[in-house]
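Enquirer: sequence below, structure please.
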Amino acid sequence: MEVNTQHYDDIIIGGGKAGKTLAPALVADGRKTALVERSLNMIGGGCINIACIPTKTMVASANVANTVRNSAAYGVKTNTPTVNLAEVIQRKRSVVQSAREMNLHNLEKALDNNLIIGEARFVAPKTIEVTTTEANNRLLTAEHLFINTGTRPLIPSIPGLTEVEFLTSESIMELEYLPEHLIVLGSSYIGLEFAQMFRRFGSRVTLIGQSEQILSQQDPDIAIAVQTLLEQDGIEFLLKAKVLRVDHTGNETILQIQVADREITLQGSHLLVAVGRAPNTDSLNLAAAGVATDTRGFIQVNDRLETNIPGIWALGDINGGPQYTHISLDDYRIIKANLIDGGNRSTRDRLVPSCLFIDPELAHVGLTETEAQQSNKDMLSAWRRWMRQPFLERKHKGEPMDF
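Expert: Prediction:
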């Protein structure tokens, strides 16, 4: 059966922060634009549905539980809090649903009938085939295509892991009962946020990191300060650790772990795998378009977010840059400036704000001290050491921290 081909000026594959913001701007510029999103449950992108909004909603619940638990320190005596995780999850779902519906309304208003729900794959450099939710195939062509398909949890290759039940950053937010002992595999942003969250909900938490320090991209003194704070919450750490094998018996997940020169066994009720993110490129058939990726599958772009194929761009997490919503939004700004406004904007010298939503939050922008030293920016290094020294001296002495 012959499939009719629909022609557009622009096609956006994926409605994350960059894509959903770019679509109305293109339409307002008088361009016929389609946005393809794989599922109604992902309208608005990862931040709204599986990342920023739901996790921070749950972080807020965990912080309330922690405040109540420690209320006596504020002169307020109350009972020990009881966390109903099912109600926490229901609140999270309600917040996500509200944001998703708002985004759906905005996209439908901007795109009319050109918001297409279905799975997209390239069949030629400027042509995609979309299998819709009604199992119909549609061919779409455009002068310009923007890939904004985001990422998913990375599952490492560990013997036995695929044979046991484990949690990811997505599935753990649907767990409606409290783990007795949560083992977190991963010592960066995702792992640390969930570790503190579930510790404050009431779980025993053990965190495993392969590097010598948590937050391996941070300065060592910052990493030590964060680890100390989390240990005060009761989180246990195993660093410089390599998981050799994962097994399951009864209700327990069992990990064989190499720590330095010894091998230990760790048992827990639940295992969260939080070691990074993998790009959603494997189903796009990028070979048909000739779009180049790196060894991990992320799409390669230049500083104007252009792929190696003229007229195809990659925005947001999929292009291998910093995985933050505000970076995805700035990717949109670059495209708008260059394609609509006639500007010449790029990612060169872009300052990247970094944020970790533990309590208290950790944030920085620009170079770390280590990066500054490696760049021979001695003045900046000296300034940061001077600014941090009083805080670190008080912390190591166990004295109160004032700001």
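Enquirer: and the strands in the stretch 251-400 of the chain?
Expert: 252-259, 262-268, 270-273, 277-279, 312-314, 353-356, 362-365 (DSSP state E, counting those that start in this stretch).
Enquirer: elements contacting the longest one?
Expert: Under the contact definition 3 or more Cβ pairs under 8 Å, 6 or more residues apart in numbering; DSSP states H and E, strand 252-259 sits against strand 241-249, strand 262-268, strand 270-273. Where you see a C-beta, it was placed from the backbone N, CA and C, and this is true even at glycine.
Enquirer: in the shortest one, what's buried?
Expert: So the one you mean is strand 270-273. 270-273 (16 or more other Cβ atoms under 10 Å).
Enquirer: out of these, flag the one nearest to D221.
Expert: L272 (27.1 Å; Cβ to Cβ).
Enquirer: right, and that closest one touches S187 too?
Expert: No: here L272 does not reach S187: they are 11.9 Å apart, not a contact under Cβ atoms under 8 Å.
Enquirer: can you list residues touching both of the two?
Expert: With contacts taken as Cβ atoms under 8 Å, 6 or more residues apart in numbering, L272 and S187 have no neighbour in common.
Enquirer: still on that earlier bit, out of the strands of the stretch 251-400 of the chain, deepest packed?
Expert: strand 312-314 (a mean of 27; mean count of other Cβ atoms under 10 Å).
Enquirer: so which elements touch that one?
Expert: By 3+ Cβ pairs under 8 Å, 6+ apart, strand 312-314 packs against strand 137-147.
Enquirer: so what are the sheet partners of the strand it packs on and their directions?
Expert: Its sheet considered, strand 137-147 pairs with strand 5-13 (parallel), strand 127-132 (antiparallel), strand 312-314 (parallel) by DSSP bridges.
Enquirer: which residues touch it?
Expert: So strand 137-147 is contacted by 3-14, 18-19, 22, 34, 36, 116, 118, 123, 126-132, 284, 291, 299, 307, 311-315, 318, 335, 339 (Cβ under 8 Å, 6+ apart).
Enquirer: can you give me the helices in the stretch 101-250 of the chain?
Expert: Assigned by DSSP state H, counting those that start in this stretch, the stretch 101-250 of the chain shows helices spanning 189-201, 220-232.
Enquirer: just the mean pLDDT for the first one, thanks.
Expert: If you average the pLDDT over helix 189-201, you get 98.
Enquirer: so what does it touch, helix or strand wise?
Expert: helix 52-69, strand 181-185, strand 204-208, helix 220-232, strand 353-356.
Enquirer: rerun at 10 Å
Expert: With contacts taken as 3 or more Cβ pairs under 10 Å, 6 or more residues apart in numbering; DSSP states H and E, helix 189-201 sits against helix 52-69, helix 85-111, strand 181-185, strand 204-208, helix 220-232, strand 236-238, strand 270-273, strand 353-356.
Enquirer: let me have the ones you listed in JSON lines, extended by distance to I264 and mean pLDDT.
Expert: Listed next are the helices and strands packed on helix 189-201 as JSON lines, based on distance: least, Cβ to Cβ, whole Å; pLDDT from 0 to 100:
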{"stretch": "helix 52-69", "distance to I264": "28", "mean pLDDT": "97"}
{"stretch": "helix 85-111", "distance to I264": "29", "mean pLDDT": "97"}
{"stretch": "strand 181-185", "distance to I264": "12", "mean pLDDT": "98"}
{"stretch": "strand 204-208", "distance to I264": "11", "mean pLDDT": "98"}
{"stretch": "helix 220-232", "distance to I264": "19", "mean pLDDT": "97"}
{"stretch": "strand 236-238", "distance to I264": "8", "mean pLDDT": "98"}
{"stretch": "strand 270-273", "distance to I264": "15", "mean pLDDT": "98"}
{"stretch": "strand 353-356", "distance to I264": "28", "mean pLDDT": "92"}
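Enquirer: tell me which of these sits nearest to N79.
Expert: helix 52-69 (8.3 Å).
Enquirer: poorly predicted segments of the protein, please.
Expert: Counting by pLDDT under 70, the chain has low-confidence residues at 1-3, 376-403.
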